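Undergrad: Following is a predicted model, sequence given first.
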Amino acid sequence: MARPAAFPSHGLLAGMLLTLAACGAPPGQQAASGNDGAAPDATSGAISASGGAPAPDPAPANVTPAPDPAAQSEAAAPLACSADIGVAAAERLARTCRNVSPATRPPCNVANSCAIMQDEIARSCALFDGKGDPMDGCGPDPKGMAAAADVVKRYYAALNARDYGTAWAQWGNDGPPDQTMERFRAGFADTRSTQVTIGRMEPGDAGAGSVYQTVPVKVDAVLKDGTRQRFVGRYVVRRVNDVDGASADQRRWHIDSAQLKPVG
């Protein structure tokens with residue numbers, strides 16, 4: 001079962017034909033405006049008219065109120081790194097990000113998700129040519145097994161932070177195979193969270209100008225209704241060999257395929 005794409009909204013088990021995912025749901029439609037822009041009454045749900053006129057009758061009980069766009073926007077926003085791991089730890093990560101990033105405006109800000117800063121660090125460290133010591137913050141081997149496993153960890157960290165753009169990027173610039181961003185994101189609607197555990201890794205293989213690294217995983221998922229699901233399997237991550245003309249995106253590890261199966 002190669003190259004899963006995204007779990008559908010009805011649960012993770014059926015989604016094994018697609019990509020393992022975390023929480024999130026597409027944003028809803030804007031709520032309709034009230035009578036002359038007046039706010040809903042907090043106790044009755046009625047709309048207060050301007051000028052002291054009596055409020056109209058409340059909506060029938062069987063009518064579903066329109067969603068609150070402000071609440072939906074907040075729910076859909078990625079989790080800030082400072083809220084995820086604490087301000088001090090997030091500041092340290094941001095400093096490392098700024099230290100290694102060659103971008104003129106890198107995304108090294110504690111208001112962003114931790115995953116996007118980790119992704120920028122990985123992108124920058126992929127420029128290391130193997131000569132001398134890597135930059136501080138890049139680890140002893142930016143292209144070794146640990147860096148390959150970090151792609152899978154970062155994928156789940158991004159999903160749990162609702163940072164679907166960064167999760168998408170772990171599959172490469174074009175995202176998961178045969179997926180639109182909308183479908184990718186919508187596949188997470190019924191999943192609250194996931195936790196990935198990396199298994200014992202063996203040295204990868206090189207071939208056809210690329211290096212492939214297998215990353216064994218165990219995944220524990222919790223659906224929004226509290227149902228727990230477990231999966232075992234592997235991800236295969238790939239990077240282009242260090243050849244002249246290869247870009248930073250080509251030299252960095254990214255997810256190439258996944259094989260996962262449910263376990264009891």
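TA: Perfect, thanks for sending it.
Undergrad: can you give me the strands for the stretch 51-200 of the chain?
TA: 191-198 (DSSP state E, counting those that start in this stretch).
Undergrad: Any stretches of it with poor pLDDT?
TA: 51-75, 129-132, 134 (pLDDT under 70).
Undergrad: let's see it at 80
TA: 51-76, 127-136, 139-140, 142, 188-189 (pLDDT under 80).
Undergrad: quick one: the helices in it?
TA: 69-76, 81-85, 87-100, 114-125, 145-160, 164-169, 181-186 (DSSP state H, counting those that start in this stretch).
Undergrad: Including mean neighbour count and distance to G199, could the ones you listed go into JSON lines?
TA: No exception for glycine: its C-beta is placed from N, CA and C like everyone else's. JSON lines is the format used below for these (neighbours: other CB atoms under 10 Å; distance: least, CB to CB, whole Å):
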{"stretch": "helix 69-76", "mean neighbour count": "12", "distance to G199": "33"}
{"stretch": "helix 81-85", "mean neighbour count": "19", "distance to G199": "24"}
{"stretch": "helix 87-100", "mean neighbour count": "17", "distance to G199": "26"}
{"stretch": "helix 114-125", "mean neighbour count": "24", "distance to G199": "21"}
{"stretch": "helix 145-160", "mean neighbour count": "23", "distance to G199": "9"}
{"stretch": "helix 164-169", "mean neighbour count": "24", "distance to G199": "21"}
{"stretch": "helix 181-186", "mean neighbour count": "17", "distance to G199": "26"}
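Undergrad: among those, which is nearest S193?
TA: Closest approach to S193 among these (CB to CB): helix 145-160, 5.6 Å.
Undergrad: nearest to L260, of the helices of the stretch 51-200 of the chain?
TA: Of the helices of the stretch 51-200 of the chain, nearest to L260 by CB to CB is helix 145-160, at 11.4 Å.
Undergrad: quick one, the closest one and strand 191-198 angle?
TA: Here helix 145-160 runs at an angle of 170 degrees relative to strand 191-198 (axes from the mean of the first three to the mean of the last three CA atoms, to 10 degrees).
Undergrad: List the contacts of helix 145-160.
TA: 21-24, 79, 113-116, 118-119, 122, 125, 139, 141, 164, 166-167, 170, 188, 193-196, 198, 201, 203-204, 213, 215, 217, 219, 235, 237, 239, 253-255 (CB atoms under 8 Å, 6 or more residues apart in numbering).
Undergrad: re earlier: so for T227, which of the helices of the stretch 51-200 of the chain sits nearest?
TA: Closest among the helices of the stretch 51-200 of the chain, using CB to CB: helix 145-160, at 17.1 Å.
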